[in-house]
Each structure stands twice: as C-alpha cells, then as structure tokens.
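Asker: Sharing a sequence plus its predicted fold:
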Amino acid sequence: MQTHTIAVLAFDGISPFHLSVPCNVFGADCNEGSQRRIALLVCAQQRGLLRTSAGFDIQVHHGLTALARADTVIVPSWTSPDDVPPPALLRALRAAHARGARVVGLCLGAFVLAAAGLLDDRPATTHWQGADALARRYPRVRVQPDVLYVDDGDVLTSAGTAAGIDCCLHLLRSLSGSAVASHVARCMVVPPHRQGGQAQYVERPMADAAGGERFLALLDWLGRHLHQQHDLDALAGRALMSRRSFTRRFRQVTGTTVVQWLLVQRLALARQLLETSEHSVERVAELAGFGSALSLRQHFGKTLGTTPSRYRREFGGA
C-alpha cells in the first residue's frame, strides 16, 4: 500500500483547535477502507515541549527534518500576522516545496507561506480578519478574502477555523477518494464537502428568516433530484418566492449560486457512484444530472484534473 506522509507544523503558543484540525482529518479514521495509507507527523522547529494558547503543554517528537520526507506540509495557523516566521522554518518550507511537496497554509498559516515566497503570484486566502493585512504585507499574493479555501495545485490556503476542516477534507478527498473523506466527515460530525469558492460566512441564519424551513426543505429535495434538470423560475415557484428573492436567499444560505451549488452536488454524487458502483460512465452521468458522458468528462477535467475512468481506477472499490 502506498504511503503519503503529512507533516503538521506546531509552534510555541499554538491554538489546540487549529492543531487538532489536520490531526483529526488525517488521523486513524482516514486509513479505514483507503487504498493509500496516510502517515501523520507533528513537528516543530525543535523537538520537546511547546506551550499552547489554552494553558497546557504538548510534547512534539519531530523537528523540521520531518519536512524533508513529507509529501504534504501543513501550517495549521500562526501566532499573529505581525510575527515574522523564523528563517530556519522558511528555508525548510521552501526546500520541501522545491522537491515537490504540497504545502498547505490554514488560517493565518497563509502568512507563513507568504513569508517563504510560496504565494507569490498565486491566488490565496486566509481568515477574513487578516485578509487586508496579507494583501498589504505581500502585494504579490492575489488575495481572495471571501472564499473558504483556495486549491492552487501544489499550494493550498484556507480561511479561518472551520474552513480549515473543509480544506483538509478537500485534500483528503483528492488523496483517498470521496468515500473515505465522507467517512471521516461523519466521524467528525461535519458536512462532507463545502466547496472552496463558498463564502466564508453567510449574511444571516436561515432559522431567523421567513420561510426558512420551506427553503431548507427545497435544498433537501434538490439534493435528492440531482438527476433532473432544474429551471430557476420553477425552483423559485416551488419555494413560493420571486426569482430575484429566491436567488438572493439561495446565496445567503449556501454562499454560492444555484448553478454552482448544483455542479458541486452533482460532482460529489458522480464521484460516489464511480467509487461504489459498477455503472458505466454514461449511466453515472445520467444519474448525477450531467446529461451526457461528455459533459461529465468536461466537468471532471476542469474541476478535478482527471477523467471519470481514471478516477474510478484510482478510488473505485466496487
């Protein structure tokens, strides 16, 4: 079985929550039913005791040399946008990336990647409260302040706190498939997939809005009828709203558009079918609402950088 090594960087004063995000996503549960074993290493600039922001200490057994053998390096946060990372850490990150490792900056961890020059001329995000500071301090970074996470291939960044979970689940899905990522999400009691381009926060909770339950019921119905083609006016009528109100409410609730939401849900269903069924690619395209195998292949190529057949060979277990 192929092993993928992930090194997670800890540092003095780290938030236990931020450290726990990659440790939970890439912990023991992620190896259940997977065709790829993930080995998780927590490292620091120096081995030994580190203080946390919660008033207790943690013991770290690996130094920065762990980055030299990692396939993925995750910086789960940082002390402050104003704190300059140590030169030794920046050198280790540059060396890891130069030899082909994927580098991930969660929340304020994006500042560490930017300090290492790894975000130059790339799109990136961070916690919305730090986005302006990131743009000012590192003008070559193309900051996207409103999204949950940005996947730029070998460099990923996420917004704050819970968005780090979304980014790590996205990464796990690319490594081990949607079935494993969904299993880990269920164990963590979080949504299995929120797209990176979704807004970092919604304008207001649905429970406080008139017709909230009816709207949520519509979303549930849509999720169960992805194989059908949906007209925006018909959906608005089903929700007893005008087209304009429905469009505005949909973005408030989901952080994205109807078209993009449907595409993400259909891709997720197609991935699940490719992993768990023996349906032909044509049948998967029909069941997931793409209409044709050509359309499915085009969206797979654009979004996932692969083909349905290749995805099935890598992750299928049917």
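Answerer: In hand now; what should we look at? Please read all numbers here as calculations on a predicted model, not as lab measurements.
Asker: which helices and strands does the worst-scoring helix or strand of the chain on mean pLDDT pack with?
Answerer: Least confident helix or strand of the chain, by mean pLDDT, DSSP states H and E, is helix 212-224 with a mean of 85. Packing contacts for helix 212-224, counted by 3 or more CB pairs under 8 Å, 6 or more residues apart in numbering; DSSP states H and E, involve helix 232-238, helix 243-254, helix 258-276. C-beta here means a position set from N, CA and C on the backbone, and glycine is covered the same way.
Asker: relative to helix 258-276, how tilted is the second one?
Answerer: This points to helix 243-254. Using axes from the mean of the first three to the mean of the last three CA atoms, to 10 degrees, one finds that helix 243-254 and helix 258-276 are set 50 degrees apart in direction.
Asker: packing partners for helix 243-254?
Answerer: Applying 3+ CB pairs under 8 Å, 6+ apart, one finds that helix 243-254 contacts helix 212-224, helix 232-238, helix 258-276.
Asker: same question, the shortest one
Answerer: Packing contacts for helix 232-238, counted by 3+ CB pairs under 8 Å, 6+ apart, involve helix 212-224, helix 243-254.
Asker: one more time with 10 Å, if that's ok
Answerer: Applying 3 or more CB pairs under 10 Å, 6 or more residues apart in numbering; DSSP states H and E, we find helix 232-238 packed against helix 212-224, helix 243-254, helix 258-276.
Asker: quick one: the longest one to helix 212-224, angle?
Answerer: Using the same axes, to 10 degrees, the direction of helix 258-276 lies 50 degrees away from that of helix 212-224.
Asker: now helix 258-276: how far from the chain's centre is it?
Answerer: Taking CA atoms, centre = their mean, to the nearest Å, one finds helix 258-276 lying 15 Å from the centre of the chain it belongs to.
Asker: Packing partners of it?
Answerer: helix 178-188, helix 212-224, helix 232-238, helix 243-254, helix 281-287, helix 293-304, helix 308-315.
Asker: For the first one, buried residues please.
Answerer: Same thing as helix 178-188. 178-185, 188 (16 or more other CB atoms under 10 Å).
Asker: where's that helix relative to the chain centroid, distance-wise?
Answerer: 13 Å.
Asker: ok and it relative to helix 308-315, angle-wise?
Answerer: Per the same axes, to 10 degrees, the angle that helix 178-188 makes with helix 308-315 is 60 degrees.
Asker: Does A162 touch L148 like I think?
Answerer: Yes. Using CB atoms under 10 Å, A162 is in contact with L148, at 8.7 Å.
Asker: Neighbour count: these two, which is higher?
Answerer: L148 (25 against 17; other CB atoms under 10 Å).
Asker: Look up how far T247 lies from the more buried one.
Answerer: Going from L148 to T247 by CB to CB, to the nearest Å gives 21 Å.
Asker: same question, R238
Answerer: R238 is 14 Å from T247, by CB to CB.
Asker: What of L219?
Answerer: 14 Å.
Asker: try A179
Answerer: 33 Å.
Asker: per-domain residue ranges of this structure.
Answerer: For the chain, the TED database gives the domain ranges 4-188, 209-255, 260-315.
Asker: Out of those, name the one with the poorest average pLDDT.
Answerer: Least confident of the domains of the chain, judged by mean pLDDT, is domain 209-255 with a mean of 86.
Asker: quick one on the thing from earlier: dump the helices and strands packed on helix 212-224 to TSV, plus distance to H61 and mean neighbour count.
Answerer: Shown next, in TSV, are the helices and strands packed on helix 212-224 (distance: least, CB to CB, whole Å; neighbours: other CB atoms under 10 Å):
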stretch	distance to H61	mean neighbour count
helix 232-238	53	15
helix 243-254	42	17
helix 258-276	35	19
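Asker: okay, those helices in a markdown table with distance to S53 next?
Answerer: Formatted as a markdown table, these follow (distance: least, CB to CB, whole Å):
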| stretch | distance to S53 |
| --- | --- |
| helix 232-238 | 45 |
| helix 243-254 | 32 |
| helix 258-276 | 34 |
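Asker: Nearest to Q46, out of these?
Answerer: Checking the helices and strands packed on helix 212-224 against Q46 by CB to CB gives helix 258-276 as the closest, at 41.2 Å.
Asker: ok, back up a step: which one among the buried residues of helix 178-188 gets closest to L172?
Answerer: L172 lies nearest to A181 out of the buried residues of helix 178-188, by CB to CB, at 4.7 Å.
Asker: Does the nearest residue to the closest one once chain neighbours are set aside lie in a helix or a strand, and which?
Answerer: Leaving aside its sequence neighbours, A181 sits nearest to R173 (CB to CB, 6 or more residues apart in numbering; 3.9 Å). Per DSSP states H and E, R173 falls inside helix 162-176.
Asker: relative to helix 178-188, how tilted is that helix?
Answerer: Relative orientation of helix 162-176 and helix 178-188, computed by the same axes, to 10 degrees: 150 degrees.
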